[in-house]
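Asks: Structure for the following, please:
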Amino acid sequence: MSATVRRVAERSARRDDDSADVAAAGNVDLDAVGRRLVMSDAENRVILNVGGIRHEAYKATLKKIPATRLSRLTEALANYDPILNEYFFDRHPGVFAQILNYYRTGKLHYPTDVCGPLFEEELEFWGLDANQVNFATVKIYYVPATEVATLSEAADRLSVCPSVMCL
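Replies: Numbering: from 1, shown residues only. A predicted model of the protein is given here:
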């Protein structure tokens, strides 16, 4: 057992047992306590493989935004792989990182390396509303075609390569 797991197990054993004397006397099976802690934590986490990039999050984190694809994950879904113990989604991993961050922080930021229509498509797939985008980044997100003379000018304004923009 690693030193970190052992320290956590010792603290847990002391806390759970009301008596530090039992842990100090060596009467606690630290390996068993450590395994319980690791298993308990693992049961509360979910692995999401999005576009080949694996993300881990707590189930409680994904429940923060109800009525979304991530809040309704079950092992009965077709995209759950019981052998790998993960869900696979063939979606844009960069956008998903922002979406997962939204679940964690409550703030949805627009990634500057993707075009608006792609971002909106990903939000729709995950069951999120485009109106939840942080207004601090919305000017980058939406550049009306009437204000943009050329694709090159738009790329300069947004500081991104024109090949990733959809105008």
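Asks: Surely S71 is within a helix?
Replies: Yes - under DSSP: H, G, I helix; E, B strand; the rest coil, S71 falls within a helix.
Asks: residues contacting it?
Replies: 62-65, 127 (C-beta atoms under 8 Å, 6 or more residues apart in numbering). All C-beta spots, glycine's among them, are computed from the backbone N, C-alpha and C.
Asks: In ChimeraX, how would I select just the buried ones from these?
Replies: Selecting only the buried entries of the contacts of S71 in ChimeraX, with 16 or more other C-beta atoms under 10 Å as the criterion:
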select :62,65
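Asks: Cross the contacts of S71 against helices and list the overlap.
Replies: Those of these mapping onto helices are L62, per DSSP state H.
Asks: of the contacts of S71, closest to L108?
Replies: Lowest distance from L108 to these (C-beta to C-beta) belongs to I65, with 9.8 Å.
Asks: which among the contacts of S71 gets closest to Q98?
Replies: The nearest member of the contacts of S71 to Q98, counting by C-beta to C-beta, is I65 at 13.5 Å.
Asks: Cross-check the contact I'm expecting between P82 and E75.
Replies: Yes - P82 is within contact range of E75, at 6.9 Å (criterion: C-beta atoms under 8 Å).
Asks: what about those two, which has more around it?
Replies: E75 (10 against 7; other C-beta atoms under 10 Å).
Asks: Can you report how many residues lie near the residue lying closest to E86 once chain neighbours are set aside?
Replies: Once flanking residues are discounted, E86 sits nearest to I47: 3.8 Å by C-beta to C-beta, 6 or more residues apart in numbering. Using other C-beta under 10 Å, the number of residues around I47 comes to 15.
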